[in-house]
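J.: Dropping the sequence and predicted coords here.
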Amino acid sequence: MGRRAWVEQIMNMPISIHLRGAGLASPEVERAVAEVFADLRRVEGLFSTFRPDSQVSAINRGQARPGDCHPLVAEVIELCGQARERTDGYFDAYLPRPGGSRWFNPAGLVKGWAAERAAGWLRALPRRGFCLNAGGDIVVGGSGPREGEPWTIGIEDPLDTGHLVATVSVPGGAVATSGGTHRGGHIVVPSTGVPAGELLTATVTGPSLMWADVFATAAVARGAGALRWLTRLPGYAGMVVRPGGAALVTPGWPAGASTALARPPDDERRR
Amino acid sequence: MRRITMWILGTVCGLVLLLSYHTSLGGTRGDRGAQHADRDAGGVPTTGTSAQPTAGTSAISGDLFDGKVVQTRHGEVQVRAVISGGELVDVVVLQVPGGNHHDTEINDRAVPLLRKAALAAQSADIDSVSGATVTSKGYRASLQSALDAANFQG
């Protein structure tokens, strides 16, 4: 039983695909992998906030109304609305700018949405298991003799990125981590525009990568009450890392290696 | 062995980032990050020991897997993995931002630490690593391509 991996840099992050099963050099495998990368490159062209020719840039210049957009952009705008609702506004693609105006940046949703969508090409491959990692957000699945054999996902320690704070075993589904406040912070509290600082990271696991990522981002923005909120999300489980380094998990967090690695709440030894 | 690539990657990129951070104070060649990094898939396996590393050398022989050259804010980065008998035996940084005394000093310190961290990570049993996206994308890209190519050739 073989394994094989591919990696490309798209949307400013490494996208890696790991497959296991037989016949991994076959044309159908090569084609599916090429489709995944092509799909993600198309999405990058539509949604990049860095590229002036993207649809999102046109929206922010006031040169395109949401109603005139590409169907995929319209879909994302609709999903951003749902995400805002399901997170009580702690995820919001319309972010405040100094001066009171807001700009449209759906990146926090597009990453998971695009990766999950592109993973459809891998899911369609018979008799192969897949793991797609888009800049730290992961979706796994597949079929075959080793169907249901879990992938072991390490969760990076935000205080020490060379180490793991936990591991989680995932037979199928998603793991997403948001945060990064220790390096300047890219998650802001949507209502105020202030960088979220009460949690270092939040990791969410569940069936959908897009929602896991949205919930993780919203959890970081929410801060102190995040764990209680995550506990109430059906089908999803979460872990948060506090500024002191303590890792806390929701009751639904998968049992196994993770519990041994997660730091107890009273262990604030670092910093 | 092959399950640890991402784990090593995290270890190594964190270190390179940390130790190369100050190089931004000196002259830099790259500018716009890794947006226009190579589009080709994977790293390029190089068999034997013919290639000439420009920074750091390996006395240990094995199959060499070079990552892609990745543009970062601080300059170009390229990493090589050395695999022997299915084991990662060395990690060599082929290209790191350089050009002034300060950079060289930092990179001299970074390379041995990199190797140590990558080799120490051998025992981990991890398929992939989830983490918040930070500013190490360029480093990750080169390392990921080298290590993935090394471990997952068809």
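T.: Good, I have the coordinates. Being a predicted model, the structure only gives us computed values, none of them experimental.
J.: And the next helix or strand past the host helix or strand of residue A:131?
T.: Under the criterion of DSSP states H and E, residue A:131 resides in strand A:128-134. Counting by DSSP H and E, the next helix or strand C-terminal to strand A:128-134 is strand A:137-142.
J.: Can you name every helix or strand that the next helix or strand after that following strand contacts?
T.: Moving toward the C-terminus from strand A:137-142, the first helix or strand encountered (DSSP H and E) is strand A:151-157. Counting contacts by 3 or more Cβ pairs under 8 Å, 6 or more residues apart in numbering or on different chains; DSSP states H and E, strand A:151-157 packs against strand A:137-142, strand A:160-170, strand A:173-179, helix B:5-20, strand B:128-130. C-beta coordinates here come from the backbone N, C-alpha and C atoms, glycine included.
J.: On the pLDDT front, check the residue of the stretch 151-271 of chain A found nearest chain B for me.
T.: Residue nearest to chain B within the stretch 151-271 of chain A: residue A:156 (3.1 Å; Cβ to the nearest Cβ). Predicted confidence (pLDDT) for residue A:156: 78.
J.: which residues does it form a beta bridge with?
T.: Taking DSSP bridges as the rule, residue A:156 bridges to residue A:164.
J.: by how many degrees do the strand holding residue A:131 and strand A:173-179 diverge?
T.: Orientation check (axes from the mean of the first three to the mean of the last three Cα atoms, to 10 degrees): strand A:128-134 against strand A:173-179 gives 10 degrees.
J.: what are the pairing partners of strand A:128-134, and which direction each?
T.: Strand A:128-134 is paired, per DSSP bridges, with strand A:13-21 (antiparallel), strand A:137-142 (antiparallel).
J.: weakest of the helices and strands packed on strand A:151-157 by average pLDDT?
T.: If the helices and strands packed on strand A:151-157 are sorted by mean pLDDT, helix B:5-20 sits at the bottom with a mean of 43.
J.: Pretty sure residue A:240 is one of the things residue A:226 touches, is it not?
T.: Yes: using Cβ atoms under 8 Å, residue A:226 is in contact with residue A:240, at 5.6 Å.
J.: Need the residues touching each of the two.
T.: A:199, A:202, A:219 (Cβ atoms under 8 Å, 6 or more residues apart in numbering or on different chains).
J.: Which of those ranks first by neighbour count?
T.: Neighbour counts for the shared contacts of residue A:226 and residue A:240 (other Cβ atoms under 10 Å in any protein chain shown) peak at residue A:219, which has 30 neighbours.
J.: For residue A:208, see how far away that residue is.
T.: 15 Å (Cβ to Cβ, to the nearest Å).
J.: Quick one: find the helix or strand in chain B with the lowest mean pLDDT.
T.: Taking mean pLDDT, DSSP states H and E as the measure, chain B has strand B:44-46 as its least confident helix or strand, at a mean of 40.
J.: Tell me the first helix or strand C-terminal of it.
T.: strand B:63-66.
J.: Please name every helix or strand in contact with that next one.
T.: Using 3+ Cβ pairs under 8 Å, 6+ apart: strand B:63-66 touches strand B:44-46, strand B:75-84, helix B:137-151.
J.: Please export the C-alpha coordinates of that strand as PDB.
T.: Presented in PDB, the C-alpha positions along strand B:63-66 are these (Å, rounded to 0.1, in the frame of the first residue of the first chain):
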ATOM      1  CA  ASP B  63      19.400  10.400  -1.700                       C
ATOM      2  CA  LEU B  64      19.100  14.100  -1.900                       C
ATOM      3  CA  PHE B  65      15.800  15.900  -2.300                       C
ATOM      4  CA  ASP B  66      15.900  19.600  -3.100                       C
END
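J.: So which bits of that strand are buried?
T.: The neighbour-count criterion (16 or more other Cβ atoms under 10 Å in any protein chain shown) identifies B:63, B:64, B:65, B:66 as the buried residues of strand B:63-66.
J.: The third one against residue B:80, yeah?
T.: Yes: using Cβ under 8 Å, residue B:65 makes contact with residue B:80 at a distance of 6.6 Å.
J.: quick one: low-confidence ranges for the chain?
T.: Looking at chain A here, since you left the chain open. Within chain A, the stretches with pLDDT under 70 are A:1, A:144-148, A:160-163, A:180-185, A:255-271.
J.: that's the other chain; I wanted chain B
T.: B:1-62, B:68, B:70-77, B:79, B:81-126, B:132-154.
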